[in-house]
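In: the following comprises the amino acid sequence and a computationally predicted model.
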Amino acid sequence: MPQDLRAVEWTGTGLALIDQTVLPHRTETVHVRDVDTLVDAIQRLVVRGAPAIGAAGAYGVALALIQGEREGWTDGEILAAVARVRAARPTAVNLMVCVDRVTSRLPEGLDAVLDEAAAVQREDVEANRAMGAFGADWLLDRLRLERPLRVLTHCNTGALATAGWGTALGVIRELHARGLLEVVYADETRPLLQGSRLTAWELVQEGIPHYVQVDGAAAGTILRGEIDAAIVGADRIAANGDTANKVGTVGVALACADAGIPFLVAAPTTTVDLSTKTGDDIHIELRGEDEVLAWGGVRTAPAESRGHNPAFDVTPGRLVTGLVTERGVLEVAAGQLPGEYLR
Ligand code: MRU
């Protein structure tokens, strides 16, 4: 993905979102000028990935203010609209953190709100760049291999999922830029295929060699010794290091632990939620049954079957070898907890 192409862009009158539901075969933009359209875009995953929905939510506060002025809303109605944006998806804490940060500037008016939203976006790109370098340094130091690395990733954590560059994919891009990456195994990420549609698309844009594999292949690939490390993103990290990320992540972490290879989580500090004590307290989004009972719009499971569709799972902190943030790497499994550095 060209670095200047943004998943979330403020146009001056509204938001332009790259429609992530139709990539990679079509590149379309959804223009958002009202709160209902933004909430729908976040819920349908037009815009997705924890930092990207944080940035979209940040600008959502501006949208609520502009729409409120256009339609004669009271202050209470504007705040209610902001609350709907904040609650559009429940698991990624970045959405709540970024909306709250920008809402604190509401009394100062639209310019202040837009300044704060732009700062959210700018700081996320800076955080991603820092994480890329910290994560690559840490992995190379830990693995000390005499050859380029083979890494596995799950879901999409690149420029599409953030304000730019990427978290886990940012570490991968950094390794590639240093000439120290052999290949990426990208899990396809059922049921909405963020890996095969979005990660693979970004890797193609970057010229990074990769395989797409079904999620069920990950554990076997790891145990056969074909991977040196797994690198994933996060939607919410609890105070004890338990990490919510796309469903399927915990299986990757278990296989890494069994194989004795690093399992690295890359996420900005906006994803760390010290008020959530453990993973048990993280609200895991349950999505519609149709996403797992059908494929390509055609029903695959028997008509009588019910679908179970948690969008995320929680990896216990004891399986997280390293947590990379823009402040450095914490070795969570070895006892370093997010609170030690982030308070
Ligand atoms: O349902 P999604 O596509 O929003 O889920 C995204 C993930 O789980 C990502 O791994 C996470 O948000 C980190 S994105 C940098």
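Out: Arrived safely.
In: nearest residue to the middle of the protein?
Out: residue 49 (3.2 Å; C-alpha atoms, centre = their mean).
In: how much space separates that one from residue 192?
Out: Using C-beta to C-beta, to the nearest Å, residue 49 is found at 12 Å from residue 192. In short, each C-beta sits where N, CA and C put it, glycine included.
In: who's in contact with the residue nearest to the centre of the chain?
Out: Taking C-beta atoms under 8 Å, 6 or more residues apart in numbering, we find residue 49 in contact with 7, 92, 156, 157, 160, 161, 162, 233.
In: surely residue 86 meets residue 95?
Out: Yes. Counting by C-beta atoms under 8 Å, residue 86 does reach residue 95; the two are 6.5 Å apart.
In: who has more neighbours, those two?
Out: In this view residue 86 and residue 95 are compared by other C-beta atoms under 10 Å, and residue 95 has more residues nearby, 29 against 19.
In: before we move on, back to that, among the contacts of residue 49, which ones are buried?
Out: Among the contacts of residue 49, those buried by neighbour count (16 or more other C-beta atoms under 10 Å) are 7, 92, 156, 157, 160, 161, 162, 233.
In: list the contacts of the second one.
Out: Which is residue 92. Residue 92 sits in contact with 49, 50, 53, 54, 235, 236, 271, where contact means C-beta under 8 Å, 6+ apart.
In: near the ligand, which of those show up?
Out: 49, 50, 235 (C-beta under 6 Å from any ligand atom).
In: nearest to residue 302, of these?
Out: Closest approach to residue 302 among the ones next to the ligand among the contacts of residue 92 (C-beta to C-beta): residue 235, at 31.8 Å.
In: need the pLDDT of the closest residue to the closest one other than its chain neighbours.
Out: Computed as C-beta to C-beta, 6 or more residues apart in numbering, the closest residue to residue 235 that is not its neighbour in sequence is residue 92, at 4.1 Å. For residue 92, the pLDDT comes out at 98.
In: and residue 92, how far from the ligand?
Out: 6 Å (C-beta to the nearest ligand atom, to the nearest Å).
In: same check, this time on residue 116
Out: Distance from residue 116 to the ligand, by C-beta to the nearest ligand atom: 21 Å.
In: also residue 180?
Out: 22 Å.
In: ok, that residue - how many residues close by?
Out: Residues near residue 180, counting by other C-beta under 10 Å: 15.
In: hmm, it is touching residue 139, no?
Out: No. When contacts are counted by C-beta under 8 Å, residue 180 is not listed as touching residue 139 (9.0 Å).
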